[in-house]
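Undergrad: okay, here's the prediction I keep looking at, along with the sequence it came from:
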Amino acid sequence: MKNYSTYLIKIVFYRNICCFLITSWFLYKFLMSILKQKTLKQPIKFSGVGLHSGKKVDMTIKPSSPNSGITFKRIDLPNNNVIIPNLFNVVNANLCTTISNEYGAKVSTIEHLMSAMYVLGLDNAIVELNSQEVPIMDGSAKNFVEKIITAGFTVSDAPIKFIKIEKTVSVEKENKYIKIEKSNISLDIEFEIKYKNPLIGTQKNKVSVYQDNLDEVLSSRTFCLFEDIEKLKNAGLALGGSLDNAIVVKDNKILNKNGLRNKLEFVNHKILDCIGDIYLAGYKLIGSIQCSQGGHSLTNVLLREVFKDKSNFSIFELKEKSLPHSFINKSALKSIA
């Protein structure tokens, strides 16, 4: 009986060892896949309207090869129709981010899609659209995130690259400011907004992009004040805006039937925009950002200031090294898994 018990103990022991080794191997392969560049497994399609143009637009995101990055292609134009989402290609950043190539081909309102691709770790993709503006969908990045996750990822052998901030760089404009400084192995964004409207008021939030669950940020919608709508439309803006794709605030009331999606939706949407605009640096970023009352324009000015001096940053590849836990975004892990 004693020998039988010893035999069972040995079986359980070796079984546990085997399970541990197998689990460790799969975990290692999984972590290594996060260090590699990713693209979509299959194309995904979107249809909607441009927030500002009001025009119907069809958009397809297609897989792309390693090291190709994100590219936009205006298939409604016969030639010279490829636009690179690069900080130096930004030609307008007032109410949305608009990029252009040297031939004048433009794509606007790219920030929500860029934010979704950043958070989910989509390094390479071709975005084809038949109009000048990315569809606004529900006013957040939620629809983009859901379809990208459903499509799945193809992982290449090419390592991902990062821009690491080495020096503090700041920009101030009237009552607005934005600053970026060194961080260990994270991208932290602390954002503050201040509105005279009592319902919005002052809101502040801080997220760690590679560690926190960003579901609330990614699902936070764009917003405007009711009294600004007529002025925007007279200026040829917000022509596609509605309660289906934007939060509208009138005095002390939200006009949308179901109200807010989360209590910090206003400032969370600003963080969503900031992540998308940061992706125009070309690679993921390691640094700490603090911003008060900023927006697309101020973020773009900050990036331009960073890249003015090569000592402000360094670029490196993550290769066959252990990945710090703080670098792993939980939402991205779930989608990749």
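TA: Arrived safely, thanks for sending.
Undergrad: run a quick neighbour tally on C224.
TA: Counted with other Cβ atoms under 10 Å, the burial measure for C224 works out to 15 neighbours. (Glycine included, C-beta is placed from N, CA and C.)
Undergrad: now do the one 5 residues further on
TA: For I229, the neighbour count with other Cβ under 10 Å is 16.
Undergrad: equivalent analysis for N312, please.
TA: N312 has 16 neighbouring residues, counting by other Cβ under 10 Å.
Undergrad: what do you get for L264?
TA: Taking other Cβ under 10 Å as the definition, L264 ends up with a neighbour count of 19.
Undergrad: now swap in L122 and tell me
TA: For L122, the tally of surrounding residues (other Cβ under 10 Å) stands at 26.
Undergrad: OK, contacts around it?
TA: 38-40, 70, 116, 148, 153 (Cβ atoms under 8 Å, 6 or more residues apart in numbering).
Undergrad: again, only this time at 10 Å
TA: Listed by Cβ atoms under 10 Å, 6 or more residues apart in numbering, the contact partners of L122 are 37-40, 61, 63-64, 70, 113-114, 116, 144, 148, 151, 153, 279, 332, 335.
Undergrad: and D188, by the same measure?
TA: Under the criterion of Cβ under 10 Å, 6+ apart, the contact partners of D188 comprise 180-181, 206-212, 286-290.
Undergrad: K167 now?
TA: K167 makes contacts with 180-182, 306, 309, 311-313, as judged by Cβ under 10 Å, 6+ apart.
Undergrad: and it, that's in a strand?
TA: No: assessed by DSSP: H, G, I helix; E, B strand; the rest coil, K167 does not belong to a strand; its assignment is coil.
Undergrad: just the element for the residue nearest the centre of the chain, please.
TA: Within the chain, the residue whose C-alpha comes closest to the C-alpha centroid is S115; the distance, by Cα atoms, centre = their mean, is 1.6 Å. Using DSSP states H and E, the secondary-structure element containing S115 is helix 111-120.
Undergrad: and that helix, what does it pack onto?
TA: If you count contacts as 3 or more Cβ pairs under 10 Å, 6 or more residues apart in numbering; DSSP states H and E, helix 111-120 packs onto strand 36-40, strand 56-63, strand 70-74, strand 125-129, helix 142-151, helix 215-218, helix 265-278, helix 330-336.
Undergrad: just how off-centre is the fifth one within its chain?
TA: If I follow you right, that is helix 142-151. Averaging C-alpha coordinates over helix 142-151 and over its chain gives two centres that are 12 Å apart (Cα atoms, centre = their mean, to the nearest Å).
Undergrad: any buried residues in it, and which?
TA: When burial is assessed from 16 or more other Cβ atoms under 10 Å, helix 142-151 yields the following buried residues: 142-145, 147-149, 151.
Undergrad: now for that helix, which elements pack on it?
TA: Of the remaining helices and strands, those touching helix 142-151 by 3+ Cβ pairs under 10 Å, 6+ apart are strand 36-40, strand 44-49, strand 56-63, helix 111-120, helix 215-218, helix 330-336.
Undergrad: any idea of the mean pLDDT for it?
TA: Throughout helix 142-151, pLDDT has a mean value of 97.
Undergrad: from here on, count from 716
TA: I'll keep to 716 as the first residue from here, and by that count the last item is helix 857-866.
Undergrad: tilt between it and strand 771-778?
TA: With axes from the mean of the first three to the mean of the last three Cα atoms, to 10 degrees as the criterion, the two stretches helix 857-866 and strand 771-778 enclose an angle of 40 degrees.
Undergrad: okay, angle between helix 857-866 and strand 751-755 too, please.
TA: Orientation of helix 857-866 against strand 751-755 (the same axes, to 10 degrees) gives an angle of 100 degrees.
Undergrad: what's the answer for the second one, then?
TA: Angular relation of strand 771-778 and strand 751-755 on a 0 to 180 degree scale: 140 degrees, by the same axes, to 10 degrees.
Undergrad: partner strands of strand 771-778, parallel or antiparallel?
TA: Based on DSSP bridges, the strands next to strand 771-778 in the sheet, each with its direction, are strand 759-764 (antiparallel), strand 840-844 (antiparallel).
Undergrad: buried deepest among these, which one?
TA: Looking across those with neighbours counted as mean count of other Cβ atoms under 10 Å, the highest average goes to strand 840-844: a mean of 21.
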